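Chemist: Whatever this is, show me its structure:
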Amino acid sequence: MDAHVLTEERPAGGAAASPAALPPTYLESLLAAGLLIETGVRGLYGRSAVFEGIADALNAVITRIGVDQQAEVLRFPPALGQTDFETSEYLNSFPQLAGTIHSFCGDERAHRRLLARLEDKQDWTDQQEPTGLVLTPAACYPIYPVIAKRGPLPQAGKVVDVLSYCYRHEPSLEPTRMQLFRQREYVCLGSPERIVAFRQLWMERGQQLGRDLQLPLEVDIANDPFFGRGGKIVADSQREQKLKFELLIPVNDGAPPTACMSFNYHMDHFGSLWHIALEDGSTAHTGCVGFGIERLVLALLKHHGLDPANWPQGVRDTLGDV
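Modeler: Predicted coordinates:
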């Protein structure tokens, strides 16, 4: 994405206004300050040392407030095997967001054909084939097949701490809508009562963290943008059952507040898909709390300024050295 594209696609701001006279957008300010690094692709940015320092501090705080969960720490590369991805049923709801990994698998003749395409500046992507890998759409997805293979859960259930880069194909000029971003999650597997209590606990902790960071926030029932004609019915059902709540913070210029944390009850959806059982043989329920690391960093920079050295002392005390 060239810099001029940012200017061309901004609101006109009135007939007499010229692009040069408009104040910079939040994204332009972040790029100018070197906090995000332009790559030429919408929603794909490098991060500066300052940005990463804030992200590391947030992760340290999330670890600290979750220490009593006795969570097993699991980390995975940001890719899933195609079989596990299909089992997740992600394509049923969000086919427009999924990303698959392809690679060149041909012989020397095919390689020459690919090179000829490159030299002639023609499309060469049809010379690649699926690899059986899919980019991870949500940090918790890799843990379910792993836990399922271990057999029944302990009586008290289980909590897993997971962090991953995630991919969603939705290129945008909103800095909070990145194509590759990090999710930190605590995932709980157990009885329905265990999951409901877990979600309530983390709704309270998430709001307290937001207050400690001195960010304006609200919590609301959420529904995801499910794909297709039946999507509205699914979304309305999710909202009616109060399966997902989001902690919302204003971040983007002139846009509704952004979901920076989510508190989810999956019921027995993932337990059924992967045959995760409780000790008594019944299907496990699952839930999770998700922290959008990039979105929280962007919220802090938006509300406290682009230089963490000048942030309120209370925020700095919460985060430690940033």
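Chemist: tell me what the longest helix along the chain is packed against?
Modeler: Secondary structure of the chain per DSSP state H: the longest helix is helix 192-212. Using 3 or more C-beta pairs under 8 Å, 6 or more residues apart in numbering; DSSP states H and E, the elements in contact with helix 192-212 are helix 49-65, strand 180-190, strand 218-221, strand 244-249, strand 258-267, strand 285-292, helix 313-319. C-beta: built from backbone N, CA, C; applies to glycine.
Chemist: what about the chain, any weak spots by pLDDT?
Modeler: Applying pLDDT under 70 to the chain flags the ranges 1-20, 223-240.
Chemist: mind running it again at 50?
Modeler: Low-confidence segments of the chain (pLDDT under 50): 1-17, 226-228, 230-231, 233.
Chemist: The spatially most central residue of it and Ala259: what is the separation?
Modeler: For the chain, the residue nearest the mean C-alpha position is Gln183 (4.6 Å; C-alpha atoms, centre = their mean). Applying C-beta to C-beta, to the nearest Å, the value for Gln183 to Ala259 is 12 Å.
Chemist: what's the answer for Gly210, then?
Modeler: Distance, Gly210 to Ala259, using C-beta to C-beta: 12 Å.
Chemist: tell me, what's touching these two both at once?
Modeler: Here Gly210 and Ala259 have Leu247 as joint contacts, going by C-beta atoms under 8 Å, 6 or more residues apart in numbering.
Chemist: Just the element for the residue of the chain positioned farthest from its centre, please.
Modeler: Within the chain, the residue lying farthest from the chain centre (C-alpha atoms, centre = their mean) is Arg109, at 40.7 Å. Counting by DSSP states H and E, the element that carries Arg109 is helix 108-119.
Chemist: What are the contacting residues of that helix?
Modeler: Residues from elsewhere that reach helix 108-119 (C-beta under 8 Å, 6+ apart): Phe104, Gly106, Asp123, Trp124, Gln127.
Chemist: Now with 10 Å, please.
Modeler: Phe104, Gly106, Asp107, Gln122, Asp123, Trp124, Thr125, Asp126, Gln127, Gln128 (C-beta atoms under 10 Å, 6 or more residues apart in numbering).
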